[in-house]
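>>> Following is a predicted model, sequence given first.
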Amino acid sequence: MRTRVWMVVGVALLGVAVFATRYYEVDVPVWKYLTGKSAAVDPLTLHQEGEFVESNLGVGQDAGQPLTVRVIAQQYMFVPECVEVPAETPVRFRMTSADVVHSLTIGDTGAFLKTVPGAVSETQVTFPKIGDFDMPCHEFCGAGHYAMRAKVRVVPKEQFASLKPGERRACAPR
């Protein structure tokens, strides 16, 4: 009898350990999708329709929202690979995945995004200084993972041209 109790306790602890290690990758996006608290996207058609259609990627200004950067993560790149934003301005980052789990950090800001196919992740960042901020992928996604990175170019407010409604922008050539 005592052996069975320890066996049940061991299996329960193993289940808790698996849940704890996979919580943010699988369980949170699935829970948000099932409860309707997260906008779901179809990874197979996200380039063709909806929020992450190719013409809607990059920096944009939505009515009543801070500047929004929409990014698609896919093996082995972020689309777009570079965005330009003004300093000292709140910027909302929204990211989804087209294939596997991806995550990125935004320079030394402490901002972190992790996404799985079908889910949209979001964070808000205000860049206090001008410069280039690297955004490398921190989730191993295959053989080309080492080269998967993007960049945020932060420019002074006065150099950032205002966006027209519906206009999207990535980095300007230098």
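Sure thing, it's come through. Numbers count the residues shown, from 1 in each chain.

>>> Any regions of this structure where pLDDT drops low?
For the chain, applying pLDDT under 70 flags the ranges 19-39, 172-174.

>>> Longest helix in it, please.
Once the chain is assigned using DSSP state H, the helix that runs over the most residues is helix 2-22.

>>> Quick check: buried residues in that helix?
In terms of neighbour count (16 or more other CB atoms under 10 Å), helix 2-22 has no buried residues at all. Glycine gets a C-beta too; all of them are placed from N, C-alpha and C.

>>> So the residue most central in space within the chain: helix, strand or coil?
The residue lying closest to the centre of the chain (CA atoms, centre = their mean) is Met95, at 3.3 Å. Secondary structure for Met95, judged by DSSP: H, G, I helix; E, B strand; the rest coil, is strand.

>>> what sits against it?
Contacts of Met95 were listed using CB atoms under 8 Å, 6 or more residues apart in numbering, and they are 70-73, 102, 104, 113, 115, 120-122.

>>> C-alpha coordinates for the longest helix of the chain, CSV please?
Presented in CSV, the C-alpha positions along helix 2-22 are these (Å, rounded to 0.1, in the frame of the first residue of the first chain):
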residue,chain,number,x,y,z
ARG,A,2,2.8,2.4,1.0
THR,A,3,4.6,1.7,-2.3
ARG,A,4,1.4,2.7,-4.3
VAL,A,5,1.1,6.0,-2.4
TRP,A,6,4.7,6.9,-3.2
MET,A,7,4.1,5.9,-6.8
VAL,A,8,1.1,8.2,-7.0
VAL,A,9,3.0,11.0,-5.4
GLY,A,10,6.0,10.5,-7.8
VAL,A,11,3.7,10.6,-10.8
ALA,A,12,2.0,13.7,-9.5
LEU,A,13,5.3,15.5,-8.9
LEU,A,14,6.5,14.5,-12.4
GLY,A,15,3.3,16.0,-13.9
VAL,A,16,3.8,19.2,-11.9
ALA,A,17,7.4,19.4,-13.2
VAL,A,18,6.4,18.9,-16.8
PHE,A,19,3.6,21.5,-16.4
ALA,A,20,6.0,24.0,-14.8
THR,A,21,8.7,23.7,-17.5
ARG,A,22,6.2,24.0,-20.4
